[in-house]
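S.K.: Pasted the sequence and its predicted model underneath.
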Amino acid sequence: MVTVGIAGATGKLGRLVAAALLRLPSPPTLRLYVRDANKLPSWLSSAATVITGEADDRAAALKFAQGCSVIICTYLGPDQLMEDGQKVLIDACAEAGVPRYVASDYTVDYRPLKDGELFPKDPMRHVYQYCQEKQGVEGVHVMIGAFMDTWWSSFFGAWAPHEDGKGGTLRYWGNGDEVWEVSSYENTAEWIARVAVDEGVKGVVKFLGDRKNIHEIAAAMKAVYGFTPALEPLGSAADLHAAMHAKRDADPANYYAYLPMWYQYYMLNGSTLLVPHGADADKELMNKKYPDVKVVGYEEYMKMYSPKELSGAMMGVGEKAGL
């Protein structure tokens, strides 16, 4: 029997991954690692063994790892959690004999970057290297581009709906031909679940819900909603680079004011693409390995929400499924 451990199971992605695992034809045994078991929904706590502990608690992490076939990390938080907290889990895997560790990546391909470029991904790069060097533990790194739910959010700033809900504006940097690679939270959880129980999967694996440029996204909105959104160019990629640094220099503590600009820049310049320019998507992506996963692209995602609801959909991830 496969036993899957999920660290960070009280978060939205952790709950979605657990639900996806329990829906499999042969559900694995679940072990959960959380700080506060009271935050777990009853459907999940009753279906799993729950171990409580802080991210830096090595003894608790080792207890959690005992008996696991694979550990999935779904942490999301500050750099110390994303790097040091994951290293504690990887060390626990090595000590407990857990052969695979699914790192908390679920993002763009950060590997070509240098420290300080897309700085929120520095911890992921360091964890990737730590897995490469750790004896007895194979790292599994699931890359999915940006979260579709976040791309539409007011936080990201690409979509601005009209108050009447009957239209809106797509804002973009660059020339408009750059592709946005995205996957929904739900699809990501389904892919993570299948990778976790597929013992042969190791190293970097890439999945995508969709990849479109801003003009193609506008055309998709026309097809789904019956209106063509206004397009608002914000400047060139060089303009974005200058603006994001100026905003951070002016108020470094206001992290969330400039963070989306950093993501946009390193996605638009092509350095973090899962499918590089000119590459064959079928060869780069593993979507076809799990054909039972119903892939949600831009149009399918729009069909689940009204134009006005799109900008807040990220806050309700999992609610439609009762999670």
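M.R.: The structure has been received and is ready for your questions. Numbers count the residues shown, from 1 in each chain.

S.K.: residues of stretch 173-190 that come out buried?
M.R.: Within stretch 173-190, the residues scored as buried using 16 or more other Cβ atoms under 10 Å are 173-174, 178-190. Placement of C-beta: from N, CA and C, glycine included.

S.K.: Which helix or strand contains H126?
M.R.: helix 122-133 (DSSP states H and E).

S.K.: tell me what that helix is packed against?
M.R.: helix 86-96, strand 138-143 (3 or more Cβ pairs under 8 Å, 6 or more residues apart in numbering; DSSP states H and E).

S.K.: Show me where the stretch 101-250 of the chain has its strands.
M.R.: 138-143, 146-147, 159-161, 168-173, 179-183, 203-206, 210-213, 230-235 (DSSP state E, counting those that start in this stretch).

S.K.: now the second one, how far from the centre of its chain.
M.R.: Okay, so that is strand 146-147. Relative to the centre of its chain, strand 146-147 is centred 6 Å away, using Cα atoms, centre = their mean, to the nearest Å.

S.K.: returning to what we had before: pick the most buried one from the strands of the stretch 101-250 of the chain.
M.R.: When those are scored by mean count of other Cβ atoms under 10 Å, the highest mean neighbour count falls to strand 179-183 (a mean of 25).

S.K.: Could you name the helices and strands sitting against that one?
M.R.: strand 146-147, helix 148-151, strand 210-213.

S.K.: most centrally placed residue in the chain?
M.R.: A centroid search over the chain (Cα atoms, centre = their mean) returns Y106, at 3.4 Å, as the residue closest to the centre.

S.K.: Look up how far S184 lies from that one.
M.R.: Distance, Y106 to S184, using Cβ to Cβ, to the nearest Å: 11 Å.

S.K.: again, but for V197
M.R.: 21 Å.

S.K.: same check, this time on E117
M.R.: Counting by Cβ to Cβ, the gap from E117 to S184 is 26 Å.

S.K.: What of P78?
M.R.: 25 Å.

S.K.: same check, this time on N213
M.R.: Taking Cβ to Cβ, one finds N213 at 19 Å from S184.

S.K.: What of C131?
M.R.: 26 Å.

S.K.: try G85
M.R.: 25 Å.

S.K.: Is L285 in contact with F207, as I believe?
M.R.: Yes: L285 is within contact range of F207, at 6.0 Å (criterion: Cβ atoms under 8 Å).

S.K.: hang on, the earlier thing: tilt between the helix holding H126 and helix 86-96?
M.R.: Taking axes from the mean of the first three to the mean of the last three Cα atoms, to 10 degrees, one finds helix 122-133 and helix 86-96 inclined to each other by 20 degrees.

S.K.: Residues contacting helix 122-133, please?
M.R.: Residues from elsewhere that reach helix 122-133 (Cβ atoms under 8 Å, 6 or more residues apart in numbering): 79, 82-83, 86-87, 90, 101, 103-105, 107, 110-111, 113, 115-116, 137-139, 141.
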